[in-house]
Structures are given as C-alpha cells and as structure tokens.
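Student: sequence below, structure please.
(one chain, ligands or ions: 1)
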Amino acid sequence: MPMTSTASSDSQFRTAVVPAAGLGTRFLPATKTVPKELLPVVDTPGIELIAEEATEAGAGRLAIVTSERKVGVMAHFADDPVLEGTLEDRGKDVLLHKVRRAPGLIEVVDVRQEEPLGLGHAVAQVESELGADEQAIAVLLPDDLVLPFGILGQMSDVRAARGGSVLCAFEVDPENVSSYGVFEVEDTDDPAVKKVLGMVEKPAAEDAPSNLAAAGRYVLDRVIFDALRRITPGAGGELQLTDAIDMLIDEGHPVHVVVHDGARHDLGNPGGYIKACVDFALDNPAYADDLREWLAGRLGS
Ligand code: UTP
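Tutor: I've put the predicted structure just below:
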C-alpha cells in the first residue's frame, strides 16, 4: 500500500501508558522492596528515561499503572521541597537540576491495578482516564529501553498513513528467537514497515515465522479496550495484551510493525540491566574513561 497523507489528530496519541504493576520476579530479591522501574541506569531510574522518551514523542501525560506495592514509582515524579531546599541552600545546582527533572517532564497520573492479572488487564485500567476524543494510546513497557529515542514518532507516522495499530520489532539472531514474541509478517512497500499477520510466543527456532521479535512499544487504536474486554485469560492465567491484538488482527483491524534500527536493552532481568548500565556509563564522560580502563584490565585478567 502506498503511503498516503491521512495524518490527523486522531492518529496521534496524547496519553502514554506505562504498565508498572508487575511483580518483577526476575529481579528478586532487589524487587522485594525496590520497584524495578526505580533501579538506576547509572544514576537515573529507568522510569525517568521512559518518561523522557514519551515526552519527546509528544505525549501530554503519562498514565503509570501501579500497585500498592509500587507507590515509590509515583513518588519519583513528585516535588520534594525539603530536599530541593537543602540542595538550593548548599548551592548544589547540578544535583538540584537532576532532582527537579522528573517532576518537570510531563504530567503523570497514577492508575491502580489492584491485582497483577496481566499486561492486558493493566492496560485496560487506563480506559476510564482517557478523554472522549483520544482515539489512540501509546504503551511503553518500562523494562524495555529502545534507543535512540524516536521510535514512537515513526510508529505514529505509520498509524497516520496506514491506520489501525502499530507495534515495534527488532531483529534477533534466528537461534535466539525462542526467548521472544515473534511476528508473522508480510512485506509492505517500505522495508522498515511490515504488515502483521500474527504473533507466536517464544517459538522454537525451526517454527519461528520470522526473526522479528516484539519490543515493548505500542501505538494502539482505542478499539484495543473493546478487545481487552472480550479476551479470556491466556498464558500464565493472565489477560495478555498480545491476545487482544491477535483478536483485532483476526477481525481485520490493520496492525503494522516498525522494525527498529538501533539498540535495545531489557532492564527486567539482571543480565540485560547490567549491559544497559555499562552502555550508558560508556557514553557518560563522568565514568567512561575509568570504566573502559577497568573493563580492559578485568577482561584481560
Ligand atoms: P513482565 O512480565 O515482563 O513484568 O510484564 P513483571 O511481571 O513485572 O516481571 P517478571 O516477569 O515477574 O520478572 C511486562 C510489563 O507489564 C507490567 C509489568 O510491570 C511490566 O512492565 N505488568 C505485568 C503489569 O503492569 N501488570 C501485570 O499484571 C503484569
């Protein structure tokens, strides 16, 4: 299908949804008391990086889905007059800027998921928060860092041109597909955009329909809420977002995927998290030289 210029405000999202009510079991024992979204990538909690990405993509507000166990995630976006006053009195301007950054980024709303009944269930909680005119939402899984920022803008453009919902994929080595949700796709006239025919969760390498794995970014048409009401619990007894998207595909709703040409880190497990920290630290002049030297020595020994 040729790209047509059908862009309208309907195709853009205003609310970016960040489901953060999961238990984070892959990161225990740290996540017994510390929400994984607050674990720092160098010095900045992952959730702040996600808020920054959503803001850059044009979102007007962030709807963070939390549970009672994870109220600290919201606290990161609140002003802290005592701390700020102390830093101000001491002339610690750089630190003051860092502390004030998250509360100043974007309007944040707390949406409660009383029980962790699945990602689909978490997203469904946001419907009542949306304005009647909001025809699309973005969903950003906070475990996933998709770098450099900008993929959501590309995904919105694809929705504007082709309608429906738009997901994000990255290429993985065929022998590693079994760790991911994998897309079954058909080519379009744009090599970076594929039409999604279906999704297979964690297929064996020989059964995988492609080497395009799902990344945690979605631009979803509002009809997703209708599908979420109609699905039944799937894998792990949870209401799966993927099942709702599959239902929409079966019903003829256009779903495309943008193939991300960049880096991605999975902050949801210690191995991926460590790589993200090293990656960010190597780009940070405050730590890069020392870290590189230490790593070289460590790897050499
Ligand atoms: P994950 O399954 O990757 O995260 O869910 P988790 O459940 O927190 O982590 P593990 O698997 O136990 O280590 C993907 C995203 O969906 C959110 C999670 O917080 C995560 O950001 N989620 C998941 C919810 O908000 N609610 C749920 O019921 C389930």
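Student: distance of Asp279 from the ligand?
Tutor: Distance of Asp279 to the ligand, given as Cβ to the nearest ligand atom, to the nearest Å: 20 Å. Placement of C-beta: from N, CA and C, glycine included.
Student: need the contact list for that residue.
Tutor: Neighbour list for Asp279: Ala263, His265 [criterion: Cβ atoms under 8 Å, 6 or more residues apart in numbering].
Student: are we agreed that it is in a strand?
Tutor: No. Counting by DSSP: H, G, I helix; E, B strand; the rest coil, Asp279 is located in no strand; its state is helix.
Student: what is the one helix or strand Val219 maps to packed up against?
Tutor: Using DSSP states H and E, Val219 maps to strand 212-221. On a contact count with 3 or more Cβ pairs under 8 Å, 6 or more residues apart in numbering; DSSP states H and E, strand 212-221 meets strand 136-140, strand 144-147, helix 151-162, strand 165-171, strand 181-187, helix 241-250.
Student: give me the contact status of that strand with the ligand.
Tutor: No. On the criterion Cβ under 6 Å from any ligand atom, strand 212-221 is out of touch with the ligand, staying 7.1 Å away.
Student: report the angle between that strand and helix 241-250.
Tutor: Orientation check (axes from the mean of the first three to the mean of the last three Cα atoms, to 10 degrees): strand 212-221 against helix 241-250 gives 70 degrees.
Student: if we can go back for a sec, out of the helices and strands packed on strand 212-221, which one sits most buried?
Tutor: Across the helices and strands packed on strand 212-221, the average number of neighbours (mean count of other Cβ atoms under 10 Å) peaks for strand 136-140, which reaches a mean of 26.
Student: hmm, back to that, redo the helices and strands packed on strand 212-221 as JSON lines? Include distance to His97 and mean pLDDT.
Tutor: JSON lines is the format used below for the helices and strands packed on strand 212-221 (distance: least, Cβ to Cβ, whole Å; pLDDT from 0 to 100):
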{"stretch": "strand 136-140", "distance to His97": "24", "mean pLDDT": "98"}
{"stretch": "strand 144-147", "distance to His97": "22", "mean pLDDT": "97"}
{"stretch": "helix 151-162", "distance to His97": "25", "mean pLDDT": "97"}
{"stretch": "strand 165-171", "distance to His97": "31", "mean pLDDT": "97"}
{"stretch": "strand 181-187", "distance to His97": "39", "mean pLDDT": "95"}
{"stretch": "helix 241-250", "distance to His97": "36", "mean pLDDT": "95"}
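Student: could you dump the ones you listed to TSV with distance to Asp283?
Tutor: As requested, the helices and strands packed on strand 212-221 are arranged in TSV below (distance: least, Cβ to Cβ, whole Å):
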stretch	distance to Asp283
strand 136-140	21
strand 144-147	10
helix 151-162	19
strand 165-171	20
strand 181-187	29
helix 241-250	32
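Student: now the ones you listed in CSV, with distance to the ligand?
Tutor: Shown next, in CSV, are these (distance: least, Cβ to the nearest ligand atom, whole Å):
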stretch, distance to the ligand
strand 136-140, 9
strand 144-147, 8
helix 151-162, 16
strand 165-171, 14
strand 181-187, 11
helix 241-250, 8
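Student: of those, which is nearest Gly216?
Tutor: Gly216 lies closest, by Cβ to Cβ, to one member of these: strand 144-147, at 3.4 Å.
Student: phi and psi next, for the closest residue to the ligand within the stretch 151-300 of the chain.
Tutor: Per Cβ to the nearest ligand atom, Gly268 is where the stretch 151-300 of the chain lies closest to the ligand, at 5.2 Å. For Gly268, the backbone dihedrals (degrees, to the nearest 10) come out as phi -80, psi -10.
Student: coming back round to it: and the strand holding Val219, average pLDDT?
Tutor: In this model, strand 212-221 has a mean pLDDT of 97.
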